[in-house]
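Asker: Here's my sequence, what's the structure:
(one chain, ligands or ions: 6)
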Amino acid sequence: MWIHLGTALLLAFTSTTTAEDESRSLGPITLLESGGFNIGGKKISHPSFPNQTLSCDHGYLEYFIPWHQRKTNLVMWHSSSTQVWQNRWDGGPGFKDLFLRRDYPVWLWEGPRIGRANWGCENMTYQPSFFSDNANFAAWNLGPYYKQWWPGVQFPTDNDTAWRQATSNRYVEFDTAANVELHSDAAAIAADSGKIGTDIVYLTNSAGGLRAMMTTTKANGTNIKGIVAYESIGYVFPDNVNITAGNGGFGPFVVPLERFKKLAKVQGIQFIWGDHRPENSTFVQQSRLCASLINKYGGNAKVVKLAEDEGLTGSTHIAFADMDNGKVAGLLDGFLESNGLDGYQDDEEQKIK
Ligand SMILES: *[C@@H]1O[C@H](CO)[C@@H](O)[C@H](O)[C@H]1NC(C)=O
Ligand SMILES: *[C@@H]1O[C@H](CO)[C@@H](O)[C@H](O)[C@H]1NC(C)=O
Ligand SMILES: *[C@@H]1O[C@H](CO)[C@@H](O)[C@H](O)[C@H]1NC(C)=O
Ligand SMILES: *[C@@H]1O[C@H](CO)[C@@H](O)[C@H](O)[C@H]1NC(C)=O
Ligand SMILES: *[C@@H]1O[C@H](CO)[C@@H](O)[C@H](O)[C@H]1NC(C)=O
Ligand SMILES: *[C@@H]1O[C@H](CO)[C@@H](O)[C@H](O)[C@H]1NC(C)=O
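Answerer: Ligands and ions are numbered 1, 2, ... in the order given. As a prediction, this is how the structure comes out:
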């Protein structure tokens, strides 16, 4: 019962205080446990000395389990830095803390070769690009060109430290078709293993969305219950609709219809867009087609434009780190509730008592 009071309290605070005051006012986050492990991957041998081996290409999961836990495990899947889930742009609470406070177990996932799973089975190179800061600025839709902020953008535009933090908190990412397969192979093993529980909702950003969709088409169990993809760049389609697969890292990916239909078994899928994503842009069009195909096979997928559909303006490519991320979190609350994914682990026990 106190949970509902907590939610009411949160809503009441939203109108009168900043998100930071709000999170402080709710007191400490109480965890049952935290930790991490790697999963998937393989062991390869030296071509000439078979007893010399390397364990590589696994993914890594870090978890935070609240003391009083809900049943749904939120797996936060970034494109190239877990940091985007950890803090708001200005250092305030990110989705990690916002949802730990709501009693959801939170999992930070790093696919093979990135972040803390960077022990790969192949050679990797890092080539510094002098254009990365400039490219990030535009790609994340902070503005049309470097340091030309969109009016009303949900970023602390006068905080240069915030910008430096955002653009520096990156890992090398591999936007190739092979990497989409590699990540989704490991993630599907993780999903089917039961180690992330029986109710998984992937929260994804950018190229993570495509990987989570591919994972869902590969997993054989029923643990994947939802996907909320913030600005997914890349979509999966069935092989019966005359869509030509791309050969790069952003799709389209084409899978056998039987595999595609697994997306229709997921309780809820949302493809979320921030500002400056017109209907005629490639990936908005792909999101609408993908959602309609999932629904054609009995699924529950929806495209949500934060401004037009929900009245949240100024959203960037990474809305869950935006200055109004408390409101974006409120929309996720609604998604989880309406899909029956907000229950507590001990609901059954409580009913008996
Ligand atoms: C590893 O293999 C080499 C031959 O390739 C052999 O000489 C060596 O004893 C082996 N070492 C172990 C620990 O098995
Ligand atoms: C600016 O952003 C940085 C990094 O996110 C943060 O540590 C700092 O507190 C922010 N400053 C203000 C005034 O919000
Ligand atoms: C990595 O690169 C080195 C140097 O070019 C080469 O000797 C080695 O075979 C490569 N390893 C793999 C796994 O491709
Ligand atoms: C799911 O089943 C198929 C067919 O047996 C298998 O090829 C695939 O590896 C399985 N997926 C996982 C994640 O184990
Ligand atoms: C499939 O698409 C291609 C071009 O994308 C087109 O040329 C072809 O006519 C289409 N085939 C069918 C059966 O719709
Ligand atoms: C999308 O439509 C706008 C006009 O509404 C046009 O200016 C723009 O060039 C179009 N973009 C694409 C990718 O077709």
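Asker: What's the local residue count around Leu31?
Answerer: Counted by other C-beta atoms under 10 Å, the residues lying close to Leu31 total 15. (C-beta placed from N, C-alpha, C; glycine too.)
Asker: My read is that it contacts Gln69, right?
Answerer: No: using C-beta atoms under 8 Å as the test, Leu31 is too far from Gln69 to be in contact (9.5 Å).
Asker: This protein: helices as residue ranges?
Answerer: All helices of the chain, identified by DSSP state H, fall at 2-16, 19-25, 83-86, 95-100, 132-139, 160-168, 177-193, 207-218, 257-265, 282-296, 306-310, 325-338, 347-352.
Asker: Quick check: which of those helices is buried the most?
Answerer: Counting by mean count of other C-beta atoms under 10 Å, helix 207-218 has the highest mean neighbour count of the helices of the chain, with a mean of 27.
Asker: Show me what it is packed against.
Answerer: If contacts are counted by 3 or more C-beta pairs under 8 Å, 6 or more residues apart in numbering; DSSP states H and E, helix 207-218 sits against strand 73-77, helix 177-193, strand 200-205, strand 224-230, strand 236-238, strand 253-255, helix 257-265.
Asker: Including distance to Ser168 and mean pLDDT, could these go into CSV?
Answerer: What follows is the helices and strands packed on helix 207-218, written out as CSV (distance: least, C-beta to C-beta, whole Å; pLDDT from 0 to 100):
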stretch, distance to Ser168, mean pLDDT
strand 73-77, 19, 98
helix 177-193, 22, 97
strand 200-205, 17, 98
strand 224-230, 21, 98
strand 236-238, 32, 98
strand 253-255, 31, 98
helix 257-265, 35, 98
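Asker: For ligand 4, which of those is the nearest?
Answerer: helix 177-193 (3.6 Å; C-beta to the nearest ligand atom).
Asker: so what does that closest one touch, helix or strand wise?
Answerer: strand 31-39, strand 59-66, helix 207-218.
Asker: what are the C-alpha coordinates of that helix, in PDB please?
Answerer: Extracted in PDB, the C-alpha atoms of helix 177-193 (Å, rounded to 0.1, in the frame of the first residue of the first chain):
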ATOM      1  CA  ALA A 177      26.200  -6.400 -38.900                       C
ATOM      2  CA  ALA A 178      28.500  -9.000 -37.400                       C
ATOM      3  CA  ASN A 179      28.500  -7.100 -34.100                       C
ATOM      4  CA  VAL A 180      24.700  -7.000 -34.000                       C
ATOM      5  CA  GLU A 181      24.800 -10.900 -34.400                       C
ATOM      6  CA  LEU A 182      27.500 -11.200 -31.700                       C
ATOM      7  CA  HIS A 183      25.700  -9.000 -29.200                       C
ATOM      8  CA  SER A 184      22.300 -10.600 -29.800                       C
ATOM      9  CA  ASP A 185      23.800 -14.200 -29.600                       C
ATOM     10  CA  ALA A 186      25.200 -13.400 -26.100                       C
ATOM     11  CA  ALA A 187      22.100 -11.600 -24.900                       C
ATOM     12  CA  ALA A 188      19.800 -14.400 -26.100                       C
ATOM     13  CA  ILE A 189      21.800 -16.900 -24.000                       C
ATOM     14  CA  ALA A 190      21.500 -14.500 -21.100                       C
ATOM     15  CA  ALA A 191      17.800 -14.100 -21.500                       C
ATOM     16  CA  ASP A 192      17.200 -17.900 -21.800                       C
ATOM     17  CA  SER A 193      19.500 -18.700 -18.900                       C
END
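Asker: do that helix and ligand 4 meet?
Answerer: Yes: residues of helix 177-193 are located near ligand 4 by C-beta under 6 Å from any ligand atom, namely Ala188, Ile189, Asp192.
Asker: Excluding residues flanking it in the chain, which one is nearest the last one?
Answerer: Going back to what we said before, that points to Asp192. Nearest non-adjacent residue to Asp192, counting by C-beta to C-beta, 6 or more residues apart in numbering: Gly221, 4.4 Å away.
Asker: Contact partners for the one you found?
Answerer: Residues counted as contacts of Gly221 (C-beta atoms under 8 Å, 6 or more residues apart in numbering) are Ala191, Asp192, Gly194.
Asker: Repeat the analysis, applying 10 Å as the threshold.
Answerer: By C-beta atoms under 10 Å, 6 or more residues apart in numbering, the residues touching Gly221 are Ala188, Ala191, Asp192, Ser193, Gly194, Thr198, Ile200.
Asker: Thought Met214 was touching the second one, still the case?
Answerer: No: look at Ala191 against Met214 with C-beta atoms under 10 Å: they stay out of range, at 11.6 Å.
Asker: I'd like the distance between Asp175 and ligand 4.
Answerer: With distances taken as C-beta to the nearest ligand atom, to the nearest Å, Asp175 is found 23 Å from ligand 4.
Asker: quick revisit: find the residues that touch each one of Ala191 and Met214.
Answerer: Residues touching both Ala191 and Met214 by C-beta under 10 Å, 6+ apart: Ser184.
Asker: what does the stretch 251-353 of the chain put close to ligand 6?
Answerer: Within the stretch 251-353 of the chain, the positions lying close to ligand 6 (C-beta under 6 Å from any ligand atom) are Pro278, Asn280, Ser281.
Asker: Relative to Ile294, how far out is the second one?
Answerer: So that's Asn280. Distance of Asn280 to Ile294, given as C-beta to C-beta, to the nearest Å: 22 Å.
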